[in-house]
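>>> give me a model of this one.
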Amino acid sequence: MADVSNPNRSFDQGLEASAGSANEQLSDDAASLYKGVVELFDQGDYVGAIIEDAVAKFESGDYVSAEAAAIEALGTAENMNDMLPDEQIRTQLGSYEGDRIDRWRMALDRLTGTYGDSGESETAEGTFLRMLAWREGIHQQQFGQSTLACGLFQKSMEYNCIDDATWFLRSLKPDDGHAVAEVIPLLALGERVAAKAAVATWTLALRPKHRTQITDRGGLELLAKAIAQYPDNPELAAAGCGALRLLCQGHARAAQNRRTLTLKLEGPLILICSMQTHRFDLEVQREACGALAAIATDYPPGAASIIAKDGLLMLLEAMISCQDQSVGDAACKALATICGRNASTSPGKPEDVMGAEEGVEEVGSDVEWQVALRQECGRGLAFSLKSLEEQVSEGHRLVLQSLLWATMIFLDDSSLRQQAIHMASSVVHCMIKFPGHAQIQVPACGIIWRLTVGHSARDEAVQNVAEIGAIGPICQAMRDLACNMDLQQLAIGALRNIAFGNDANKTLVVKDGGIKAVVTGMKRYPKDAKLQEQGIGALTSLCDTVGRAAACAKQGGIEVIIGALKRHASVGHIAELGCIILCMFCDDQQLKHVIMKSGALQIAKALSRTENSEAQQWGCELLRDLSDS
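Numbering: from 1, shown residues only. You can find the predicted model right below:
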């Protein structure tokens with residue numbers, strides 16, 4: 001075992017023991033490097049003396065002086081850059097820390113390799129781990145991360161071999177918070193150790209109480225660096241992305257971590273590159289999507305950084321390359337977060353049918369960001385539309401449902417809806433192909449609702465929706481998924497938009513059982529004010545003849561309208577809409593009698609005294625109709 005208290009002596013002993021085998025087994029270039037390393041660590045014992053002095057200062061706790069000595073030793077060590085030709089390094093090592101070639105790392109690999117050649121594998125590993133820890137510590141100190149640097153310096157002398165450094169990780173559990181200080185430095189110790197340490201860090205970060213400590217120990221910085229440094233390791237990528245996701249949410253330092261990842265560590269770029277490298281790895285894709293969502297949460301600069309690096313398209317590609325629901329769900333959540341949307345957005349007020357600009361984001365102070373966001377959402381929508389057309393024939397449900405949800409998210413911006421007015425055919429094909437599947441039917445109804453409201457091409461979109469036969473599948477979905485409130489709300493809104501001001505479409509909705517479907521939905525969810533408002537609006541459009549009004553009453557429509565007025569008269573436009581449809585029904589004496597028996601007179605009197613002028617007007621109108629003999 002090498003004397004770990006004197007790194008210079010450890011080098012000397014290893015070099016002496018392996019000199020013969022190294023000169024015989026290494027190539028000419030490696031032998032030249034070996035000779036240079038010997039000279040470096042034996043040039044008048046200059047570097048060795050500095051390292052010995054630094055170690056002594058570390059052990060005594062004088063980290064400031066130790067840092068200066070270590071930096072001096074590193075500066076001398078980096079002179080060996082001239083000992084290796086650039087082309088050779090590029091061939092054998094590739095890029096490291098950006099475009100710069102890390103000759104020091106290559107030299108260290110060659111040096112420790114001589115120990116392995118002579119049978120001293122433990123000494124080789126120990127030397128490699130210590131030097132990596134030292135170098136990372138110096139780098140972190142130079143970047144102002146003194147706590148992280150000191151931890152690396154302190155732990156470096158304990159690393160004798162990989163098994164010795166990582167043995168305790170085998171039994172690590174999420175509640176083992178005491179192990180944070182031991183785990184984090186391991187992220188700097190090469191690919192094999194870093195992969196294990198990333199899994200351990202993710203395990204510990206599962207408990208929110210540990211995330212602040214992981215952050216304080218430098219876990220965020222070392223995770224990001226390890227993922228970027230070893231991009232081809234799927235275990236490291238998945239665990240590292242998952243740990244970054246957890247560190248950006250659920251604790252006091254989460255907001256700071258989002259800023260640090262975005263502004264200092266190129267976090268969005270690292271995550272997107274990981275997704276590109278591991279396109280078909282479910283765990284990497286899922287965790288990277290989650291991490292991107294976490295970075296963008298309540299942090300527009302994080303979302304802007306993701307947008308600038310084609311992050312939206314990468315999320316969409318993940319849905320297709322990984323045909324897995326967990327990946328699709330994570331990608332859709334990230335899209336909704338980055339775009340500032342709510343993926344389960346419900347229909348707005350019914351009068352918006354005629355072109356009000358609901359759904360358009362408020363323009364903040366950063367106009368450029370809003371323009372960039374809209375442009376990227378437009379690209380994302382075009383990608384989704386094309387992919388839907390391609391995927392419908394293949395019929396993979398998980399891919400289709402993710403693309404439908406993504407499309408619905410993009411269409412929350414009403415300025416993009418005109419771009420998608422001819423996509424309804426693909427949406428309806430999905431509905432027909434997968435009846436009863438909520439994850440298909442809900443976003444499909446949401447897309448149709450959005451296509452039929454709030455944009456200049458609304459009439460063309462409505463006509464297209466009706467002509468391709470969307471009404472039947474919508475009504476069928478309402479019957480199949482009667483207990484899904486989101487679907488009922490979206491479907492009722494879509495039927496209302498399709499029927500508004502179009503007699504032919506009203507007839508189609510009635511023939512497909514639309515009146516009964518709307519009344520049934522209102523009966524099932526009497527406490528949901530938005531659904532009730534949509535339902536009354538839909539019935540107002542549909543029941544504009546005595547026959548349809550009678551059919552509505554037969555299904556219990558009058559009772560549900562009166563119930564909505566009793567519960568939600570002060571919400572939205574329920575009071576006005578409810579009074580309007582009841583006034584329409586009063587044209588028939590039998591329906592008027594039913595309305596009176598249901599308690600509408602008391603409601604009309606109360607509304608006639610309300611402060612809401614429009615509700616008061618229609619309350620007075622209903623009161624007059626009910627008072628006429």
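
>>> which stretches in the stretch 401-550 of the chain count as strands?
Using DSSP state E, counting those that start in this stretch, the stretch 401-550 of the chain contains no strands.

>>> try the chain
Applying DSSP state E to the chain gives no strands.

>>> biggest helix in it by residues?
Secondary structure of the chain per DSSP state H: the longest helix is helix 367-394.

>>> okay, buried residues for that one please.
369-370, 373-374, 376-377, 379-381, 383-385, 387-388, 391-392 (16 or more other CB atoms under 10 Å). Backbone N, C-alpha and C define where each C-beta goes, glycine included.

>>> which neighbouring elements make contact with that helix?
Here helix 367-394 touches helix 300-308, helix 311-321, helix 397-410, helix 424-433, going by 3 or more CB pairs under 8 Å, 6 or more residues apart in numbering; DSSP states H and E.

>>> most tightly surrounded among those helices?
Among the helices and strands packed on helix 367-394, helix 397-410 has the highest mean neighbour count (mean count of other CB atoms under 10 Å), at a mean of 26.

>>> can I get that one in CSV, CA atoms only?
Extracted in CSV, the C-alpha atoms of helix 397-410 (Å, rounded to 0.1, in the frame of the first residue of the first chain):
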residue,chain,number,x,y,z
ARG,A,397,-51.8,4.8,-28.6
LEU,A,398,-49.2,6.1,-26.2
VAL,A,399,-47.5,8.2,-28.9
LEU,A,400,-50.8,9.6,-30.2
GLN,A,401,-52.1,10.6,-26.7
SER,A,402,-48.9,12.5,-26.0
LEU,A,403,-49.0,14.3,-29.3
LEU,A,404,-52.7,15.2,-28.7
TRP,A,405,-51.9,16.6,-25.3
ALA,A,406,-49.0,18.6,-26.7
THR,A,407,-51.1,20.0,-29.5
MET,A,408,-53.8,21.0,-27.0
ILE,A,409,-51.1,22.9,-25.0
PHE,A,410,-49.9,24.8,-28.0
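
>>> thought residue 168 was touching residue 186?
No - checked against CB atoms under 8 Å, the pair residue 168 and residue 186 is beyond contact range at 10.1 Å.

>>> more neighbours: which of the two?
The neighbour comparison of residue 168 against residue 186 (other CB atoms under 10 Å) goes to residue 186, with 26 against 13.

>>> find the nearest non-adjacent residue to the more buried one, please.
Nearest in space to residue 186, with sequence neighbours left out and distances taken as CB to CB, 6 or more residues apart in numbering, is residue 197 at 3.6 Å.

>>> for the one you found, give its distance to residue 182.
9 Å (CB to CB, to the nearest Å).

>>> domains for the chain, by residue range?
7-247, 558-629 (automatic domain parsing).

>>> against residue 272, how distant is residue 309?
Applying CB to CB to residue 309 and residue 272 gives a distance of 5 Å.

>>> any weak-confidence spans in the stretch 501-629 of the chain?
629 (pLDDT under 70).

>>> how about the helices in it?
503-511, 514-524, 529-542, 546-554, 557-568, 574-585, 589-597, 600-608, 613-627 (DSSP state H, counting those that start in this stretch).

>>> could you list the buried residues of the first one?
Spelled out, that is helix 503-511. So for helix 503-511, counting by 16+ other CB under 10 Å, buried means 505, 506, 508, 509, 510.

>>> cool, the second one as well?
Of the residues in helix 514-524, those with enough neighbours to count as buried (16+ other CB under 10 Å) are 514, 515, 516, 517, 518, 519, 520, 521, 522, 523.

>>> cool, and the last one?
Within helix 613-627, the residues that qualify as buried are 615, 616, 618, 619, 620, 621, 622, 623, 625, 626, counting by 16+ other CB under 10 Å.

>>> out of everything not next to it in sequence, what's closest to the fourth one?
The one in question is residue 619. According to CB to CB, 6+ apart, the nearest residue to residue 619 is residue 607 (2.6 Å).

>>> can you tell me which of the domains of the chain the model trusts least?
For those, mean pLDDT drops lowest on domain 7-247, to a mean of 66.

>>> what about the nearest residue to residue 588 once chain neighbours are set aside, how many neighbours?
Once flanking residues are discounted, residue 588 sits nearest to residue 546: 5.4 Å by CB to CB, 6+ apart. Per other CB under 10 Å, the neighbour tally for residue 546 reads 14.

>>> picking up where we left off before, quick one, which of the helices of the stretch 501-629 of the chain is nearest to residue 249?
helix 529-542 (28.9 Å; CB to CB).

>>> elements contacting that closest one?
Applying 3+ CB pairs under 8 Å, 6+ apart, one finds that helix 529-542 contacts helix 485-499, helix 503-511, helix 514-524, helix 546-554, helix 557-568, helix 574-585.

>>> okay if I get those helices as JSON lines plus distance to residue 407?
Below are the helices and strands packed on helix 529-542 laid out as JSON lines (distance: least, CB to CB, whole Å):
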{"stretch": "helix 485-499", "distance to residue 407": "14"}
{"stretch": "helix 503-511", "distance to residue 407": "23"}
{"stretch": "helix 514-524", "distance to residue 407": "24"}
{"stretch": "helix 546-554", "distance to residue 407": "33"}
{"stretch": "helix 557-568", "distance to residue 407": "31"}
{"stretch": "helix 574-585", "distance to residue 407": "30"}
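
>>> for residue 281, find the nearest of the ones you listed.
Nearest of the helices and strands packed on helix 529-542 (CB to CB): helix 485-499, 31.6 Å.

>>> dump the residue contacts of residue 434.
Contact analysis of residue 434 by CB atoms under 8 Å, 6 or more residues apart in numbering lists 397, 400, 440, 441.

>>> so which of these comes closest to residue 528?
Taking CB to CB as the measure, residue 528 lies nearest residue 441 of those, at 18.2 Å.

>>> how close does that closest one get to residue 462?
Remark: distance between residue 441 and residue 462 (CB to CB) = 20 Å.

>>> do the same with residue 485
Taking CB to CB, one finds residue 485 at 25 Å from residue 462.

>>> equivalent analysis for residue 163, please.
In terms of CB to CB, residue 163 sits 69 Å off from residue 462.

>>> okay, now residue 266: neighbour count?
Neighbours around residue 266, by other CB under 10 Å: 17.

>>> touching, it and residue 224? I think so.
Yes - applying CB under 8 Å as the test, residue 266 and residue 224 come out as touching, 7.4 Å apart.

>>> for the stretch 151-300 of the chain, just list every one of the helices.
Under DSSP H, counting those that start in this stretch, the stretch 151-300 of the chain gives helices at 162-166, 180-183, 190-205, 208-216, 219-229, 234-247, 254-263, 267-277, 282-296, 300-308.
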